[in-house]
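> test case, fold it:
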Amino acid sequence: MPLSQRRAALIRRLRTRKTREREGLVLVEGVRAVGEALDAGVGLRLVVVSSRLDATPEGSQLRARLTEAGIEVDEVTNAELGELSDTRHPQGVLLVCAEPTATFRISAEGRYLVLDAVQDPGNAGTLIRAATAFGLDGVIALDGTVDLWSAKAVRASAGMAFRMPIQSMSAGALVERVSAGDVELLVADMRGPSVPDRSTGGWLLVVGNEGSGPRPEVLAAAATKVSVPMPGPAESLNVGMAGAILLYALTSSTRETIVGG
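Numbering: from 1, shown residues only. As a prediction, this is how the structure comes out:
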């Protein structure tokens with residue numbers, strides 16, 4: 001069926017954070033991200049497709065999946081989809097769904113990633129993808145962090161945002177929680193020592209703003225600062241890359257236990 005003006009207007013409104021949050025909806029683009037959203041059983045509102053979806057085997061499989069599930073789609077031209085899309089090279093599909101909601105208690109044995117005012121949606125999505133890949137228990141977005149449910153962040157996460165519990169928290173609430181002392185707060189800081197082996201116990205890894213790093217009250221509450229050793233001439237890594245490496249290192253003992261039995 002053709003896309004109505006009302007639905008097209010809704011999609012355009014979801015490009016801004018204020019409107020997206022007021023609507024409680026998420027715009028998902030790309031074959032992989034849409035597939036992950038469907039796997040997660042999101043509350044579908046609408047799906048828009050164009051002929052470009054059939055350009056790849058993965059796209060054709062997704063179209064067949066939509067048809068077999070009896071999901072109603074709105075057919076548009078490639079040019080029309082390009083006008084609606086938030087990406088320069090759309091893959092022929094976009095989906096609008098209800099924003100997932102997750103609330104979780106920080107466990108003494110849990111492992112969590114904390115984003116402290118990370119501003120770039122690409123970095124944020126990369127970090128969510130890494131947190132999912134390394135089996136973390138949740139992602140916490142402190143106040144000042146980019147919208148983790150923006151189309152760009154969801155796309156950068158390759159749809160992994162739908163597999164990872166994500167919740168927002170103020171920096172003050174985080175500091176108050178870790179003051180209980182049963183879970184260790186680690187803060188990524190290039191001036192800190194190399195990331196230590198972590199075979200037991202829970203932790204929260206904080207990665208900070210791309211320009212200013214973690215805020216002072218979070219740094220003050222940290223039990224340990226950790227960094228990525230860099231013997232080469234590069235001065236620094238972007239927060240997405242550094243965070244992924246730190247998560248790999250922090251979870252290495254867990255992986256060895258699982259593999260070794």
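
> which stretches in the stretch 101-250 of the chain count as strands?
Listed in chain order, the strands of the stretch 101-250 of the chain (DSSP state E, counting those that start in this stretch) span 111-116, 138-142, 166-169, 184-188, 203-208, 224-226.

> ok, which of those strands comes nearest residue 14?
Comparing the strands of the stretch 101-250 of the chain by their distance to residue 14 (Cβ to Cβ), the top pick is strand 166-169, with 17.7 Å. The C-beta positions use only the backbone N, C-alpha and C, and glycine is treated the same way.

> buried residues in that closest one, which are they?
In terms of neighbour count (16 or more other Cβ atoms under 10 Å), strand 166-169 has its buried residues at 166, 169.

> could I get the strands of the stretch 101-250 of the chain in CSV, plus columns for distance to residue 215?
Shown next, in CSV, are the strands of the stretch 101-250 of the chain (distance: least, Cβ to Cβ, whole Å):
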stretch, distance to residue 215
strand 111-116, 6
strand 138-142, 8
strand 166-169, 13
strand 184-188, 10
strand 203-208, 7
strand 224-226, 14
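
> including distance to residue 247 and mean pLDDT, could the ones you listed go into CSV?
Supplementary listing: the strands of the stretch 101-250 of the chain in CSV, determined by distance: least, Cβ to Cβ, whole Å; pLDDT from 0 to 100:
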stretch, distance to residue 247, mean pLDDT
strand 111-116, 7, 97
strand 138-142, 11, 97
strand 166-169, 15, 96
strand 184-188, 10, 92
strand 203-208, 7, 95
strand 224-226, 11, 88
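
> looking at those strands, spot the one closest to residue 27.
strand 166-169 (16.3 Å).

> partner strands of the closest one, parallel or antiparallel?
Applying DSSP bridges, strand 166-169 is found paired with strand 138-142 (parallel).

> just want the angle from the partner strand to strand 111-116.
20 degrees (axes from the mean of the first three to the mean of the last three Cα atoms, to 10 degrees).
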